[in-house]
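Participant: Whatever this is, show me its structure:
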Amino acid sequence: MSDLVLRLARPGEDARIADFINQNFDMRLPLINRADFYQFYYAHTPGAAPQFALAEQDGEILCAAGYILANQSETPDIWVSVWVAAKGHNGVGLELMDALSGLLNARVVACNNIRANTCVLYHFLGWQAERLPHYYRLGAPGAKGWQLAVPGPNSAPLPVQDDLPLIRYHAVRFTGRTQGSRAPQCRSAGRAWPAPQQPHAA
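Facilitator: Okay, the predicted model is just below:
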């Protein structure tokens, strides 16, 4: 048996990753199985590698973690949006999640909309897993009123800090880990490097 390999996905692995997730998760996730969502969040650059990290052994995927880039920095902030391990390989899943910030040179790693029974896994990794107010981005109102924004060819950019007023709707679970010194952090929850000492434009 070969050593476990933790790596980023390569171009052309989209179908293989989707098949693994569909075989090992208890529902068909819209972000994976709706082509418009998948392309918008994970494969928006034609020919590039999909935004997934993989744990692999002997050529077999044992865990996949899909992430969404919050910015295009050399040290990006990322949202983990799907994390699936094969049955009997939860330990491998923990190894992949723990390695994700290093694989991506990420400044912040966070995740939302987690299940209550996975909170213990994030706690084991040293993350904070709590509840946080949740907001939706709405598209333009139509004949039937307001609707959730849907990715498409003319989609607006993903929301950024302070670009829209926020109105509280309800709360969801949030998880993340803060790592580094005791200096002020970039986020109140998440795996983050210390914030810059001077304020800067967003």
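Participant: Flag every buried residue along the biggest helix by length in the chain.
Facilitator: Secondary structure of the chain per DSSP state H: the longest helix is helix 90-104. Buried residues in helix 90-104, counted by 16 or more other C-beta atoms under 10 Å: 92-98, 100-101, 104. (Each C-beta comes from the backbone N, C-alpha and C, glycine too.)
Participant: CA atoms of the helix or strand just after that helix as CSV?
Facilitator: The C-terminal neighbour of helix 90-104 among helices and strands, as given by DSSP states H and E, is strand 108-112. The C-alpha coordinates for strand 108-112 follow below in CSV (Å, rounded to 0.1, in the frame of the first residue of the first chain):
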residue,chain,number,x,y,z
VAL,A,108,-8.3,32.1,6.2
VAL,A,109,-10.1,28.8,5.9
ALA,A,110,-13.7,28.7,7.0
CYS,A,111,-16.9,26.7,6.3
ASN,A,112,-20.6,27.3,6.8
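Participant: pLDDT (mean, whole number) over the helix or strand following strand 108-112?
Facilitator: Per DSSP H and E, the first helix or strand lying C-terminal to strand 108-112 is helix 119-124. For helix 119-124, mean pLDDT rounds to 76.
Participant: send the alpha carbons of helix 119-124 over as PDB?
Facilitator: Presented in PDB, the C-alpha positions along helix 119-124 are these (Å, rounded to 0.1, in the frame of the first residue of the first chain):
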ATOM      1  CA  CYS A 119     -19.100  20.000  14.800                       C
ATOM      2  CA  VAL A 120     -17.200  17.400  16.900                       C
ATOM      3  CA  LEU A 121     -14.800  16.900  14.000                       C
ATOM      4  CA  TYR A 122     -14.000  20.600  13.700                       C
ATOM      5  CA  HIS A 123     -13.600  20.800  17.500                       C
ATOM      6  CA  PHE A 124     -11.100  17.900  17.300                       C
END
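Participant: what's that helix packed up against?
Facilitator: On a contact count with 3 or more C-beta pairs under 8 Å, 6 or more residues apart in numbering; DSSP states H and E, helix 119-124 meets helix 90-104, strand 128-134, strand 170-176.
Participant: Which elements pack onto the first one?
Facilitator: Applying 3+ C-beta pairs under 8 Å, 6+ apart, we find helix 90-104 packed against strand 5-8, strand 52-57, strand 60-69, strand 77-85, helix 119-124.
Participant: Lowest average pLDDT across the helices and strands packed on helix 119-124?
Facilitator: Comparing mean pLDDT across those, the weakest is strand 170-176, with a mean of 41.
Participant: neighbouring contacts of the longest helix of the chain?
Facilitator: Contacts of helix 90-104 from elsewhere in the structure, counted by C-beta atoms under 8 Å, 6 or more residues apart in numbering, are 4, 6-8, 53-55, 57, 62-63, 65, 67, 76, 78, 80, 83-86, 106, 109, 121, 124-125, 179, 191.
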